[in-house]
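Undergrad: Model the following, please.
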Amino acid sequence: MARSLGPIATFPDDLEPDIRLGEPDAVARLREVVAARREERGEHARWGRLCEAAGEAGLALTEYQLALRDDPDDVVALSRLATLYEERGETDRAIECAEGWVRIAPADAEVVVRLLELLITAEQFERAREVVSGPPARALGPEARAAWEARVRASASAAGEPEEDAPPPGLPTDGDVVWFVHLFSGRENVYARQWSGERGEGGYTPVREPLTVAVAKNHLLGSITVGAYPVRLDNTVTFFAFDNDIRKQALARARGSLAEARRIKEAVAAEAERMRAALAALGIPALLEDSGFKGRHLWVFLEAPEDAAVVRQFGTLFLRAHPLGSADLQAEFFPKQATAGAGIGNLIKLPLGIHRRTGRRSRLLLPDGTACADSYALLRQQPRLSREILYAAITALKAGVAPAEREASPPVPAPEPEEEAPEVERAAIQEAFPAPPPAWTAADFETNPEVAHLLRHCPVLAALKRKVEEHRRLTHDEQVVLMHSLGHSGAGVLAVNYLLDACVDVSPTTRLQSAFAGNPISCPRIRKRIPHITGSVACNCCFDSAPGQYPNPRLHLLTLAANAPATPPETVRTPPAWKPADRAKALRVLRIKRQELDAETGKLETDLLAYMESTGVAEIAAGEGVLRLVQEAGAPAALVWEAATTETEPGSAETAETPS
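TA: As a prediction, the model looks like this:
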């Protein structure tokens, strides 16, 4: 048990020499004394210095904190705490103590220099500029003041910040502000206003009013800083954005090391540029922004409003295909919601305003990373993203999803239970058709007997296929109907997955893994789920009556013989009036479709070539002809199609060159 020390009111000078000599008994005695007088007032700064001399930094920190409890203006305690906090890597707390020190001794040049060094280490350049240009700098003298101004500029430039944080050149015109509101307006009945507290905390407050031209002008002038909620009340968006940022753990680590801070900031800039280049490779123009704090934003503006669900699908697929290369960083995509919903959703700070926490103005950047001299002109010139290119990008990203991710798809929702169909009926349908092709193509909708017959005789299924081809969209109920009508055979599974993959609002993991064994969805259930489709077509098929039989689209297959050819129905279309703009858009769409078909053809050719080479098969009979493998010295392998009905003339065979 520790012996009683009694009250200790004064500093024991006889203990200090032994402590400075490192005597173990003296250090132990020091710990006891400090612990015993914890609640007493006075002399804590002197005891803190003695703890430091004994190598007891933790005890010293506590004593200096107690000294400030007794006297918030204790200069010794403030100066020593600034040093100890800096040594522990707690730069923000060191700066807080140094600022208190400067407040008490503003004429002490050494104190001002100490604060400036800490601010530069923490990359708080805006605060450093305030010190250099404010009253504390009077203690430095003109020459030292100019030298510190140059050092702050050089340090900010080395850390990747613009040398100047002045407003953009010139004031925005009324037209500039109107265009800004047009580009960045999100939800119509609310915007957010940023705030920042004296201790560095900050956040946003919703303002339940429209984002007006007057509000936007104050944002651009720097009076306030606002953010927008991207999803509009009709569940559409007119822009989307990526936010590359530094994780909290990495940010805390960087505060104690200028070299680490620079490394992480360089990583943010490099990742943002890599992301911009990846978007450009998909044909998507993105505008790069320095957010004014620690991150980079990438903005993309749309030619026309698009459903937030489709845009969310793109963002999810893109971030999955292009993960960040550093664990210190994180990426967010806006909009974060697929619908406006009951709440107001997540906001993103709008560009060209002043970040309230740092005092820095957001900057639009050129592709080389330098600040744009005329941000308003850049906003006007920024290209818009068309729906065709967005949809083509989603298709390309969905095609790149790994098979393992596709296999991890959630279970397909089952419709309401139907009456049990007779075994004879199900057997007749299932045995009537050959095995499906190994992969599905657009041509198989016409050449596969089963699927072609269903699409010819069921106007609802044909309408769903047309909707995918024209709009690339399917609602949840439309997906269920398609799956539980076509998805009861191998060919049907391939056809359903082909259509789902073509939809821009359907996840790549939403697909069938095998054919359904139960009963297909009935016609009444279909009309209940998708009346907007059934009411627009002739959904009134007449089926032969049989005991236990209920109407469903697959009954049409009973009228098709096993070897019946699939002849596409003849259609008569009245050509529309010829309009150059419409024809130009049509050409653009057809070129995208041709690229998709070329990619599909190339994959099928590669698969067939690999199969024939690995198995030694030289030719494959395919009903209307024979596919032959041709290999000549010095030339890449080729697949040659020869028709079976006529004798092939030289040069008449269709050749598919494969990659060497």
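
Undergrad: quick one, phi/psi of Phe242?
TA: The phi and psi values for Phe242, taken as degrees, to the nearest 10, are phi -110, psi 140.

Undergrad: Revised request: answer the last question for Leu329.
TA: On the backbone of Leu329 - angles per degrees, to the nearest 10 - the values are phi -110, psi 160.

Undergrad: and what of Val617?
TA: The phi/psi pair for Val617 (degrees, to the nearest 10) is phi -80, psi 130.

Undergrad: Outline the domain layout of the protein.
TA: 13-158, 174-392, 404-559, 588-657 (automatic domain parsing).

Undergrad: In a markdown table: those domains, plus mean pLDDT.
TA: Listed next are the domains of the chain as a markdown table, based on pLDDT from 0 to 100:
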| stretch | mean pLDDT |
| --- | --- |
| domain 13-158 | 81 |
| domain 174-392 | 88 |
| domain 404-559 | 82 |
| domain 588-657 | 72 |
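
Undergrad: Export those as CSV, with columns for mean neighbour count and distance to Lys398.
TA: C-betas here are computed from N, CA, C, even on glycine. Output for the domains of the chain, formatted as CSV (neighbours: other Cβ atoms under 10 Å; distance: least, Cβ to Cβ, whole Å):
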stretch, mean neighbour count, distance to Lys398
domain 13-158, 17, 41
domain 174-392, 18, 6
domain 404-559, 17, 4
domain 588-657, 13, 11
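
Undergrad: Format these as a markdown table; extra columns: distance to Pro580.
TA: Compiled in a markdown table, the domains of the chain are given as follows (distance: least, Cβ to Cβ, whole Å):
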| stretch | distance to Pro580 |
| --- | --- |
| domain 13-158 | 51 |
| domain 174-392 | 17 |
| domain 404-559 | 21 |
| domain 588-657 | 13 |
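
Undergrad: Now do the SS call for Leu629.
TA: strand (DSSP: H, G, I helix; E, B strand; the rest coil).

Undergrad: wait, doesn't it sit right on Ser614?
TA: No. Judged on Cβ atoms under 8 Å, Leu629 makes no contact with Ser614 at a distance of 11.3 Å.

Undergrad: list the residues that contact both of these two?
TA: By Cβ atoms under 8 Å, 6 or more residues apart in numbering, Leu629 and Ser614 have no common neighbours.

Undergrad: going on from the longest helix along the chain, what's the next piece of helix or strand?
TA: Longest helix in the chain by number of residues, with DSSP state H as the criterion: helix 580-615. Going down the chain from helix 580-615, the next helix or strand is strand 619-621, by DSSP states H and E.

Undergrad: what about that next one, distance to the chain center?
TA: 47 Å (Cα atoms, centre = their mean, to the nearest Å).

Undergrad: Residues contacting that strand, please?
TA: Residues contacting strand 619-621 (Cβ under 8 Å, 6+ apart): 608, 612, 626-629, 644.

Undergrad: Relative to Ala546, which of those is nearest.
TA: Nearest to Ala546 among these: Ala644, at 39.6 Å, using Cβ to Cβ.

Undergrad: distance of the residue nearest to Ile224 when sequence neighbours are not counted from Ala192?
TA: Computed as Cβ to Cβ, 6 or more residues apart in numbering, the closest residue to Ile224 that is not its neighbour in sequence is Asn218, at 4.9 Å. Using Cβ to Cβ, to the nearest Å, Asn218 is found at 14 Å from Ala192.

Undergrad: before we move on, what about Leu499?
TA: 40 Å.

Undergrad: ok, now Tyr391?
TA: Relative to Ala192, and taking Cβ to Cβ, Tyr391 is found at 31 Å.

Undergrad: first vs last residue of stretch 60-80, how far apart are they?
TA: End-to-end distance of stretch 60-80: 9 Å, with Cα to Cα, to the nearest Å as the criterion.

Undergrad: and what of stretch 285-296?
TA: Terminal residues of stretch 285-296 lie 16 Å apart, using Cα to Cα.

Undergrad: again, but for stretch 128-145
TA: 12 Å.

Undergrad: residues in contact with it?
TA: For stretch 128-145, the external contacting residues (Cβ under 8 Å, 6+ apart) are 102, 106-109, 111-113, 115-116, 119-120, 148-149, 152, 165.

Undergrad: In contact with Met444, which residues?
TA: No, residue 444 isn't Met; it's Asp. Counted by Cβ under 8 Å, 6+ apart, Asp444 has contacts 437, 451, 491, 494-495, 498.

Undergrad: Then Pro580?
TA: Contacts of Pro580 (Cβ under 8 Å, 6+ apart): none.

Undergrad: and it, how far is that from Leu587?
TA: 10 Å.

Undergrad: How about Pro438?
TA: According to Cβ to Cβ, Pro438 stands 33 Å off from Leu587.

Undergrad: again, but for Gly203
TA: Distance from Gly203 to Leu587, by Cβ to Cβ: 50 Å.

Undergrad: what sits against the residue lying closest to Val506 once chain neighbours are set aside?
TA: Using Cβ to Cβ, 6+ apart and skipping the chain neighbours, the partner closest in space to Val506 is Leu500 (5.0 Å). Contacts for Leu500 (Cβ under 8 Å, 6+ apart) come out as 474, 479, 482, 506, 510-511.

Undergrad: I'd like those residues laid out as TSV, including distance to Thr339 and secondary structure.
TA: Formatted as TSV, these follow (distance: Cβ to Cβ, whole Å; DSSP: H, G, I helix; E, B strand; the rest coil):
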residue	distance to Thr339	secondary structure
Leu474	17	coil
Gln479	18	helix
Leu482	23	helix
Val506	16	coil
Thr510	18	coil
Arg511	24	coil
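
Undergrad: Let me have those residues in a markdown table, adding distance to Thr534 as columns.
TA: Shown next, in a markdown table, are the contacts of Leu500 (distance: Cβ to Cβ, whole Å):
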| residue | distance to Thr534 |
| --- | --- |
| Leu474 | 15 |
| Gln479 | 16 |
| Leu482 | 13 |
| Val506 | 21 |
| Thr510 | 23 |
| Arg511 | 25 |
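
Undergrad: Relative to Leu352, which of those is nearest.
TA: Nearest to Leu352 among the contacts of Leu500, with distances taken as Cβ to Cβ, is Val506, at 36.9 Å.

Undergrad: those strands in the chain, which residues are they?
TA: Here the chain has its strands, by DSSP state E, at 191-196, 202-207, 226-228, 236-246, 287-290, 296-307, 329-334, 348-349, 363-365, 619-621, 625-630, 638-643, 654-657.

Undergrad: Between the ones you listed, which one is closest to Asn519.
TA: strand 296-307 (33.4 Å).

Undergrad: Check which helices and strands that closest one sits against.
TA: strand 236-246, helix 258-281, strand 287-290, helix 387-399 (3 or more Cβ pairs under 8 Å, 6 or more residues apart in numbering; DSSP states H and E).

Undergrad: Go through those and name the closest to Ala342.
TA: Closest among these, using Cβ to Cβ: strand 236-246, at 17.5 Å.

Undergrad: And the helices in the stretch 451-600 of the chain?
TA: 459-471, 476-486, 490-502, 523-529, 531-534, 580-615 (DSSP state H, counting those that start in this stretch).

Undergrad: Including distance to Leu30, could those go into TSV?
TA: Listed next are those as TSV, based on distance: least, Cβ to Cβ, whole Å:
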stretch	distance to Leu30
helix 459-471	79
helix 476-486	72
helix 490-502	74
helix 523-529	81
helix 531-534	83
helix 580-615	77
